[in-house]
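A.B. asks: Here is a sequence with its predicted model. Questions after.
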Amino acid sequence: MDKNTAETLETYGKGITIGTLGSHSALNIFKGAKEEGLKTVCICKKEDQIVYSRFPLADEIILVNNFKELLDEKIQKKLKKMNTVLIPHGSFNAYIGTENMLKKLSVPMFGNKNLLHWETNREMQRKWLIDAGLKLPKVLKSPDEIKGLVIVKYPGAKGGKGYFLAHSKETFHKKGQEMIHNGHMSEDELKNAHIQEYIIGVNIYASYFHSVLNNETEFLGVDKRYESFADNIGRIPADEQIEMRINPTYTIVGNIPLTIRESLLPEYLRMGDRVVEQAKKIAKPGIIGPFCLETVVTEKPDIVTFEISARIVAGTNVGIGTSPYAYLKYGEKMYMGRRIAKEIKEALKSDKLRNVVT
Ligand SMILES: Nc1ncnc2c1ncn2[C@@H]1O[C@H](COP(=O)(O)OP(=O)(O)O)[C@@H](O)[C@H]1O
Ligand SMILES: [Mg+2]
C-alpha cells in the first residue's frame, strides 16, 4: 500500500462505504454490499444513471462526464469522507488505467492494484501463468512458424475486433494485408502482432475468490461468454461465410451460466491455488479477492488458459442471487459481489482492513 492510501485508511472509522464505477459488475457489487448491510456509492455517467435509479442499490450517486474524473482530487476527497473502499472491475482497467490507479488514486481499493498491472500487460501476464504451471497456447515468433490454426492479436484491439485467424503463412499475409487495407491495423501493428496457437475447444471462465483472512481459494462460479458475432457464425452457411470473407469478432454482449463436469474440478481447483501461490511471489501480498481464469477446454480434455483477470469479472453476474458452486459452499444468497462485501466486513471486525486493500 502506498503512503497516501495508508494515511487515508488511518482516518476511516467503522462505517465503510462500498464504491465502484457504474458499469460492468456494479449492480452485483452494490447488491452484495447492501445484503451485508454496507453503504454504497456509484460513480456514474449521466447517460447511465437510469440503471442505478431503476435498480436503486446505490445510496449515493456521484455524476461524472467520464470515468477518469474519479482521479480528480475533489471526487477522491468526497469518497474518502464517506470512508469509501473502491471495488475495481473491468472498466477501471479500460477507462482509468492501471498506471493511474497506482500513482493517482489514494482511495483504498479492495484487491491488489499491482496485479491489475500484471493483468493488463500481455507479457507479464503470460509469465505469471506459465510460472504458475498452467498450460498456455503456444506463441509463435514469426508467421513462418505457422503450422496449424492461429489467432493473431495486437494491442489496442478491443473485444478482439481486428483479431484474425489464419492457418498458414500465406493466409496470415493475405489477411493481414486485408486488415491494413480496411483500416483495422497498421503495417507496424501487423509486424508486432502476437501470433498465438488457436485452441479448438469450448470456452470456460472460472471465477475464484481468494480470502486473505481465511487463506483459502474458493471456487464460486463458472460462465461462458456470449460474443458477437463469434458465437453465431455457425448460423451463416459456409458458402456465404467464404463469399463474405467473415472474420469473427469477440465483442462481449452477455454471459451464460455453466457447470462443468465434476472430473474437471480437481484441475481447476489446483490451477486456482497455483495462480494464487505464484501471485504471492510476483506482487506481495498476492491475490486479494476475486479473479478469473479464462480457459479453453479441448476434446482430450486439456485445460488451456489464455487469460487471467485479477479482479471481479462480469461473468460472475450470472451468479447474482446464487450460483451452483457458491451454493455448494455457502447455501443460498452468496455471489461474488456479496463475497467481497463479506470479506471487507470481516476485515473491519478483526481490524484487518489494511490487509485487504491497496
Ligand atoms: N488461443 C486461443 N484459442 C482459442 N480462442 C481464443 C484464443 N485466444 C483468444 N480466444 C478467443 O478470442 C476472444 C478474445 O481474446 P482475448 O485474448 O480474451 O482478447 P481481449 O483482449 O479482447 O480480452 C476470447 O474470448 C476467446 O473466445
Ligand atoms: Mg479476454
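C.D. replies: Good, I have the coordinates. Numbering: from 1, shown residues only. Ligands and ions are numbered 1, 2, ... in the order given.

A.B. asks: mind listing the strands in the chain by residue range?
C.D. replies: Secondary structure of the chain, counting by DSSP state E: strands at 17-21, 39-45, 60-64, 84-86, 139-140, 150-153, 164-166, 194-197, 202-211, 216-229, 250-258, 289-297, 303-309.

A.B. asks: what's the first one in contact with?
C.D. replies: The one in question is strand 17-21. Outside strand 17-21, the residues that touch it by CB atoms under 8 Å, 6 or more residues apart in numbering are 26, 29-30, 33, 38-44, 59-60, 67, 70, 79, 82-89, 91-92, 95-96, 107, 340-341, 344. C-beta here means a position set from N, CA and C on the backbone, and glycine is covered the same way.

A.B. asks: one step back: quick one: closest of the strands of the chain to Gln278.
C.D. replies: strand 303-309 (10.4 Å; CB to CB).

A.B. asks: How about the contacts made by the closest residue to Leu70 other than its chain neighbours?
C.D. replies: In this structure, Leu70 finds its nearest non-sequential neighbour in Ile43, 5.5 Å apart by CB to CB, 6 or more residues apart in numbering. Taking CB under 8 Å, 6+ apart as the criterion, Ile43 is in contact with Gly19, Thr20, Leu21, Gly22, Ile62, Val64, Phe67, Glu69, Leu70, Ile75.

A.B. asks: Tell me the bridge partners for the first one.
C.D. replies: It refers to Gly19. Going by DSSP bridges, Gly19 is paired in beta bridges with Val41, Leu86.

A.B. asks: Tally up the residues packed near it, please.
C.D. replies: 29 (other CB atoms under 10 Å).

A.B. asks: Repeat that for the fifth one.
C.D. replies: Ile62: 19 surrounding residues under other CB under 10 Å.

A.B. asks: What's opposite it in the beta bridge?
C.D. replies: Ile62 has these beta-bridge partners by DSSP bridges: Ile43.

A.B. asks: So for stretch 225-236, what gets flagged as buried?
C.D. replies: Arg225, Glu227, Ala230, Asp231 (16 or more other CB atoms under 10 Å).

A.B. asks: Please determine how far the last one is located from ligand 1.
C.D. replies: Right, the one you point to is Asp231. 9 Å (CB to the nearest ligand atom, to the nearest Å).

A.B. asks: Break this protein into its domains for me.
C.D. replies: Following automatic domain parsing, the chain resolves into domains at 3-109, 122-135+200-349, 139-197.

A.B. asks: Adding mean pLDDT, write those domains out as TSV.
C.D. replies: Below are these laid out as TSV (pLDDT from 0 to 100):
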stretch	mean pLDDT
domain 3-109	97
domain 122-135+200-349	96
domain 139-197	90
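
A.B. asks: check contacts around the residue nearest the centre of the chain.
C.D. replies: Centroid-nearest residue in the chain: Ser309, 3.7 Å away (criterion: CA atoms, centre = their mean). Going by CB under 8 Å, 6+ apart, Ser309 touches Gly90, Glu119, Phe291, Cys292, Glu294.

A.B. asks: about what we covered before: buried ones only from the contacts of strand 17-21, please, as a PyMOL command.
C.D. replies: Buried residues within the contacts of strand 17-21, by 16+ other CB under 10 Å, are selected in PyMOL with:
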select buried, resi 26+29+30+33+38+39+40+41+42+43+44+59+60+67+70+79+82+83+84+85+86+87+88+89+91+92+96+107+340+341+344
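
A.B. asks: Flag every buried residue along stretch 185-197.
C.D. replies: Neighbour count says stretch 185-197 has Met185, Glu189, Leu190, Ala193, His194, Ile195, Gln196, Glu197 buried, by 16+ other CB under 10 Å.

A.B. asks: Now do the end-to-end distance for it.
C.D. replies: 20 Å (CA to CA, to the nearest Å).

A.B. asks: quick thing: my sequence starts at 59, can you match it?
C.D. replies: Sure thing, new numbering starts at 59, so read that last one as stretch 243-255.

A.B. asks: Go through the buried residues of stretch 243-255 and name the one nearest Gly206.
C.D. replies: Using CB to CB, those come closest to Gly206 at Glu255, 6.9 Å.

A.B. asks: quick one, what contacts the closest one?
C.D. replies: Counted by CB under 8 Å, 6+ apart, Glu255 has contacts Pro195, Lys196, Val197, Leu198, Gly206, Leu207, Val208, Ile209.

A.B. asks: Good, we can wrap up now.
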